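J.: okay, sequence plus prediction incoming.
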Amino acid sequence: MNDIDDSIPGRRALLTGMGIAAVAGLAASARPAAAQSNTAARTPHPKDAWLAELSGMHKVFIDSSTMAGGGTALWGAGNILDTHVSEYDGQTSDYALVVCFRHLSTPYGFNDAMWAKYGNLFMRNADPVPTSNPMMVPLPTNGQHSIASVVEKGAHFAVCGRATRRQAGGIATATGQTPEAVFAELSANLIPRAHLVPAGVIAVTRAQEYGFAFLYAE
């Protein structure tokens, strides 16, 4: 199934949905005890090494698979980091925090240049069609958090490679390019501090193996 879907809501509907999701959109899951005990001894696969290398006494992985969920994930990331500073007298560097964009939220992992070029395909029904990544700027529905603001506080991003390949296939069909060329272009134009992972669903499980607490954003 192609991730570029005519059923994706427009920007106005998207922002409304994120406002609802921000009320109760984060679901937590405890790490399995076995994963915690194996973290120190585990030798990371080269494709997972970046997860193992992130420093911070607190580790959190926030997953999203919808466009509304992508906004909620930024809301959660910003709130975690800000609350740690304001209420716990901590520093943002105390956190190793990753936001995952996969499935329908994958386009948020691409920079403004890709949205200027393919925004009409990322969000076909949007009115107006976005010409830049809508999550790069603070939005009221995200608690004024954005990709740029959480990057400034040290957050990282995981962008699904499999979904990116599906996106590339849809774009190639619509524009007369090859899927390989579009995939290479998208891969070279990720947002700051982003890591293209083989599959977002794998990154979710591997992060827990490396000691990250898990949250899912709706």
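T.: Cool, the structure landed.
J.: helices and strands around the strand or helix carrying A158, which ones?
T.: Taking DSSP states H and E as the criterion, A158 maps to strand 156-160. Counting contacts by 3 or more C-beta pairs under 8 Å, 6 or more residues apart in numbering; DSSP states H and E, strand 156-160 packs against strand 95-101, strand 194-197, helix 200-209. In short, each C-beta sits where N, CA and C put it, glycine included.
J.: who touches the following helix or strand past it?
T.: Using DSSP H and E, the helix or strand that directly follows strand 156-160 along the chain is helix 161-175. By C-beta atoms under 8 Å, 6 or more residues apart in numbering, the residues outside helix 161-175 that reach it are 1-4, 102-103, 106-107, 109, 118, 121-122, 177-183, 186-187, 196-200.
J.: now the residue nearest to P44 when sequence neighbours are not counted: phi and psi?
T.: Of all residues not flanking P44 in the chain, A52 sits nearest, at 4.1 Å (C-beta to C-beta, 6 or more residues apart in numbering). Taking degrees, to the nearest 10, you get phi -70, psi -20 for the backbone angles of A52.
J.: related to what we said a few turns ago, which among the contacts of helix 161-175 count as buried?
T.: Neighbour counting over the contacts of helix 161-175 (16 or more other C-beta atoms under 10 Å) leaves 3-4, 102-103, 106-107, 109, 118, 121-122, 179, 182-183, 186, 196-197, 199-200 as the buried ones.
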